[in-house]
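# Compute the structure for the input listed below.
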Amino acid sequence: MKEARLERDGEFASLNLARENMEVSLPLDDAWVDELACAMEKNTHGRVPRMISKILAANEVGKLFVAATRELKKEKTLVRLSPGKSAREVVVVGDTHGQYHDVLRLLSIAGLPSDERTYVFNGDFVDRGAWGVEVLLLLLAHKVRAPDRVYLLRGNHETEFCTECYGFERELSVKYGRTAGKKLYPLFLEMCAAMPLACVVAEKTLVLHGGLFRSSALSKREATTSPRLGSLAELEKASKGGADPLGEGRSMIAGDVLWSDPIAEDGLHHNDARGIGIQFGPSQTREFLEKENLKLILRSHEGPDARHDRPEMPSIMSGFCVDHDCGDAGKLCTVFSAPNYPQFIEADDVRHNNLAAFVKLKPESNWCEPEPQSFDALARPASQCYYDLDLGGSDCEGPESEIRPHEPLHIDVGEGDEGARWKEDEVSHKLKVNHDAT
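Numbering: from 1, shown residues only. Below is the predicted model of the structure:
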């Protein structure tokens, strides 16, 4: 995609670039990704969501999912990114949540992936917004086109639980039909389960979605009663969590990475607010930075709705904030890349009108001094919401919540505990979590 095409103040509707029946023929090239991006954008103005299937049919989406999964499986749970001599910057992007037009704007401002520019997308590509399919397809196309210039880290919304509850599963069925949607969704979950959980840039900056994590050496009781932080070595060897990380057993580290939050006071304990993961204070961040010889931790996971409920934490209204300033030891920051979030709210809810941001890391500052750049939302075409707004704006409950619209699919991708974690209730015949097997 030529950068000039993306610098037209959001006026994409006049571009006559859409064509039907694009095919995923590897290797992809820039022109193909360009055409897909612009065709999908033009289609968002048509008010018929299913017309996207005329641009990229369900079987071609499946091919793209499989191609991306193949690349993601090559990557460890912890990616170690060493920018080459030609690299000018690494761009870190936070939650985008299906806000396709804002993703296009971000790419036009920051520049497209290239030999000089590497992207790390820090999870939560889908759900809540109306165009999760479009965001996902665009990012996957970039990943397949340039796998060593685009890294897709997993967020808590790249899971079965969140996509059941917050829209993406339904969106996929609406845009591709129920039959095709049911075939594509398991492929999507398998792809999510292949995504790495974290990335270390130049051995100085750690990027991960939610936050720090507990040691895999802890017993089940110790993990609850006397937790201690894990290490990068443990993270590198950890499971990627499977289709739906529960935060226990083999998926404990995955659950922590995806769901944890920083807090203002010192301490390390269970994240009661979310029901999964941990909360950790400034002293724990300092301990981790010093132990791992890092200078910066970049996380995402919290937008203006979440911080509205946690006024003791710094504001994220600019899309970026420093949560823990540990002086010479370094700092932990949050970057959030979905402006005017969430897209859909109930009539009596607060519209935050937040800016979004992305962060650039550069060699001049040893890849560990964040350079945030804020941007505002573009005008959005009329669209439909794919989830129940009664669930609220912030992810208040983890995967064992009762808000799930239906029973999980129990897809075993060999990474989590899916094969043993469910048992059938003898009375209700519903499947429940078997904690003794996780």
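
# In three-state terms, label the closest residue to Cys321 other than its chain neighbours for me.
Across the structure, with C-beta to C-beta, 6 or more residues apart in numbering as the measure, the residue nearest Cys321 apart from its sequence neighbours is Pro314 (4.0 Å). C-beta coordinates here come from the backbone N, C-alpha and C atoms, glycine included. What DSSP: H, G, I helix; E, B strand; the rest coil gives for Pro314 is coil.

# how many neighbours does Pro314 have?
Number of residues near Pro314 (other C-beta atoms under 10 Å) recorded here: 19.

# again with the one 4 residues further on
Other residues within reach of Ser318, judged by other C-beta under 10 Å, total 15.

# ok, it touching Phe375?
No. Under the criterion of C-beta atoms under 8 Å, Ser318 lies out of contact with Phe375, with a separation of 10.1 Å.

# list residues touching both of these two?
Common contacts of Ser318 and Phe375 (C-beta atoms under 8 Å, 6 or more residues apart in numbering): 355, 357.

# Residue nearest the middle of the protein, spatially speaking?
Among the residues of the chain, Gly123 comes closest to the average C-alpha position under C-alpha atoms, centre = their mean, at 1.4 Å.

# which residues touch that residue?
If a contact means C-beta under 8 Å, 6+ apart, then Gly123 has 95, 153-158, 209, 258, 300-301 as its contacts.

# Next, Phe336: phi, psi?
As for Phe336, its main-chain torsions (degrees, to the nearest 10) stand at phi -130, psi 130.

# And Val150, by the same measure?
Recorded main-chain torsions at Val150 are phi -140, psi 120, according to degrees, to the nearest 10.

# Which residues are in contact with it?
For Val150, the residues meeting the contact criterion (C-beta under 8 Å, 6+ apart) are 113, 118-119, 121, 139, 142-143.

# Nearest to Glu364, out of those: which one, please.
Top of the list for closeness to Glu364, among the contacts of Val150 and by C-beta to C-beta, is Thr118 at 15.8 Å.

# which residues does the closest one form a beta bridge with?
Assessed by DSSP bridges, Thr118 has beta-bridge partners Val90.

# so how far is stretch 32-45 from its chain's centroid?
Taking the mean of its C-alpha atoms, stretch 32-45 sits 22 Å from the chain's own mean (C-alpha atoms, centre = their mean, to the nearest Å).

# Which positions in that stretch come out as buried?
By neighbour count, and taking 16 or more other C-beta atoms under 10 Å as the criterion, the buried residues in stretch 32-45 are 32-44.

# circling back: for the residue nearest to Cys321, report the pLDDT, please.
The model reports Pro314 with a pLDDT of 98.

# Am I right that it is in contact with His324?
No. Under the criterion of C-beta under 8 Å, Pro314 is not in contact with His324, lying 9.6 Å apart.
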